[in-house]
Every structure is written in structure tokens, then in C-alpha cells.
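Q: here are the coordinates; sequence isn't available:
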């Protein structure tokens, strides 16, 4: 019954449906392999966070991306 | 001042406005009854998670629902 | 597969083992009754937060409790 | 590497882009000043929660706002 | 700057130091491989939850383990 | 009714009681000033995470600190 929450940027950087499947499958497999956790009750939630709502280094990712151009 | 976060699937499985009221009222009442917590400062947040972003058993709920049909 | 996280104060205010069972049972039953969620995969996590680490009204609960005496 | 999550009401009460920048900058600065944390790896995530999904005092904020009118 | 939170049971089921390293390394590598995320700012937090505080199927894991014996 | 969760390293890097008061006061004041939020119902929770359970760059902070010596 592990619970995993993954937060990544959304919008133009949002993962595709296939990438989300790979994340969920990969995390569940990792916990089964390393900790012998039961995949059947492993819950994974992916949050796609708007780039205006995600901060790193005191700036929104929107600002970070502009500065990086 | 308890804080409660409830994550359920959204989209076609999203709770109605009335169901959300019942969840918030029910959780707040439960904490008041069992733990004698003050309802006035009990905070409840319901997250409706896209079925592509919610994983169980290593698959997205979108896939789980397809397989169950 | 709902996921519920409940945060309450710990230490001298920590819930007993029996109260934690009642919270877990009550939340799971509420989601089954209101939203028809499957109890078998409903995950509940209770966090007991130190009163120095829990803030309300800009003060720690340790301070709040002192002022209330 | 501190991680901070801020949940506030969204919709008609949602913070503006400029307010979100101020929250991210302010929280990052606070952790650097008080705890000497490195701003470069401080992550802040702001969640805007629908007023139907946010509960206080056993009611949704939608209901709370109606009663306050 | 992805943020990942992993919740597993603690106490007698707690992961070892080496297993925690493997979880952190594995999750970070997965996000780099699938989503091309920068490992340098990927934050992972593992919570070890007491078996009395972790619920599945409306029971604490402490109860679940007793019934399984 | 904003809810804020702050995660920082614990153990030998844990904030003091006074620093925790400053974080709780500072965050609450920031949300009141920028977003006009009511301090009375602002909830802040500080999590002190063991350095073996906190990962950055694919390594635990325990490892990161050793490499930095």
C-alpha cells in the first residue's frame, strides 16, 4: 500500500499520456523490486503544476524559462 | 486545526458538488466526534485527479477501467 | 483507490491506537457510502505533528495552548 | 532543498501571476533568512483549490462565502 | 525541479538506509529518463509511516498484519 | 484558511523551536500581506525529514553532506 506523489510542471511541459503510464509503471516496479511492496495496492498520483505556480530559486518556472532563453 | 486531504479520481468519476459537501461535513464531524477537534478550524481539501494521472497496480485508472469493461 | 491524509497534533494530544482505528475506519466508510469507493484499496495516512511544528494564527500550537491556559 | 506547498482558494479568489511570484519569492527568502537554506534548490508549489473542494468548519468555502454575504 | 513523496510503512517494515538510497536514485533516474528532468534539482522525500497510522481496507496495517498471520 | 506545508531536513540540521516560530509567523504574515488571507485560520505544518530520507540529485542528503566535506 505505498503511496507516491509526483509533482512536475504542466502546460507546455506536461507529460504525455504514455509518459504518465511509464512513470506509474516505473515507480510501482521500483517499490516492488527494492522494498518487495505489493504492486496491486500501490497508489501513484501525478500532479501537473502550472509553470506560474511552481517556484525554484525564488522565481516561478515561467520566469526561469524566460531567463534561460 | 486538523488538516485533511482527500484524493479521488476526477473527470467522469468526479464527485458532485453535493457529494463534496458530504465528504467535507463527514470528515469534519468524524474528527470532532472521535478526537474532539474543533470543527471551526478543521480544513479539508479534496483533489480530483485525472484518471490518466492516477495509478493503481502499476497502471493508470484509465487503463484499469478499460480492462474492467 | 482514494488516498486520504489526516494531520493532527501529536505529543500529549496524540490520538490513541483505538482512535486511529476509528479515524481510518470512519474515513474509509464515508468514502464508500458517499462516493461508492472500494474500501479494499482506500489508503489512509495519519500524521501526528509535534505541537512546535504545527501553526495556527501565526503561532505554534505550543504557544496557542499556553495562551489558552 | 526545502520543499514548500501552499494551498489557497482558486477561482474568483485565485492569486494573480504577480501575487504568485511574491509568494514564491517571499517563502524562499524567509527560509534563506531564518534557516540559511539555499534558495537555488528551494522548491515551492502553489495549489489553487476550487471553492467547492475546500472545506472549513464542515462547509465548502462556496457555502461559507454565501453565508457571509 | 520535480518533487516526489514516497510513503511506506515504517517500524519493523522500515526500509534500510541502502534501500532508501536505491529508492531516491531510482525515482530520480526514472524522471530523468522518461521526462528528461534535471536530476540536480529533483527532490525526493520518503515518509516512514507507523503501522498504527497507515490504513488499508478500513483497518490499520497493524491489524492487517495480525489477520494475515 | 490557507494551508502551508514546509519540509526541511531534521536531525542535526533541524530548526530550533524559535526558528519554527519564525517560519510559522513569517509564512502566515506573508499570506496575509500578499493575498489578504485571514491569519486566524491559516494552518502551517513543518516536517523535519531525516537526512537519510531526503534526496537531492539522486542522493540522500546524508551522502550529499559527506561529499561536501
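A: Cool, the structure landed. On a predicted model such as this, the values are computed, not experimentally measured, just so you know. Residues are numbered from 1 along each chain as shown, chains lettered A, B, ... in the order given.

Q: Residue E:27 is in contact with residue A:23, correct?
A: No - applying Cβ atoms under 8 Å, one finds residue A:23 not in contact with residue E:27, separated by 9.4 Å. Bear in mind the C-beta positions are built from the backbone N, C-alpha and C, glycine included.

Q: What lies in contact with the helix or strand of chain A with the lowest mean pLDDT?
A: Lowest on mean pLDDT, DSSP states H and E among the helices and strands of chain A sits helix A:61-68, with a mean of 94. Residues outside helix A:61-68 that contact it (Cβ atoms under 8 Å, 6 or more residues apart in numbering or on different chains): A:9, A:51, A:52, A:54, A:55, A:56, A:57, A:59, D:17, D:21, E:1.

Q: Show me which pair in those residues is furthest apart.
A: D:17 and E:1 (18.5 Å; Cβ to Cβ).

Q: Compare neighbour counts for these two and give me the winner.
A: The neighbour comparison of residue D:17 against residue E:1 (other Cβ atoms under 10 Å in any protein chain shown) goes to residue E:1, with 24 against 14.

Q: hang on, the more buried one packs against residue E:42?
A: Yes - with contact defined as Cβ under 8 Å, residue E:1 counts as touching residue E:42 (7.2 Å).

Q: show me where chain A has helices.
A: A:17-35, A:61-68 (DSSP state H).

Q: And the longest one, what does it pack against?
A: If contacts are counted by 3 or more Cβ pairs under 8 Å, 6 or more residues apart in numbering or on different chains; DSSP states H and E, helix A:17-35 sits against strand A:3-9, strand A:43-49, strand B:54-56, strand B:59-60, strand E:3-9, helix E:17-35.

Q: What are the buried residues along it?
A: A:20-28, A:30-32, A:34-35 (16 or more other Cβ atoms under 10 Å in any protein chain shown).

Q: Please work out which residue of chain A is closest to chain F.
A: residue A:5 (11.9 Å; Cβ to the nearest Cβ).

Q: Looks like that residue contacts residue D:47 (just checking).
A: No - Residue A:5 lies out of contact with residue D:47 (Cβ under 8 Å); the separation is 11.9 Å.

Q: Between the two, point out the one with more neighbours.
A: More crowded of residue A:5 and residue D:47, by other Cβ under 10 Å: residue A:5, with 20 against 17.

Q: Need the nearest residue in space to the more buried one, chain neighbours excluded.
A: residue E:5 (4.6 Å; Cβ to Cβ, 6 or more residues apart in numbering or on different chains).

Q: So that neighbour sits against residue A:43, correct?
A: No - applying Cβ under 8 Å, one finds residue E:5 not in contact with residue A:43, separated by 11.9 Å.

Q: joint contacts of those two?
A: residue A:4.
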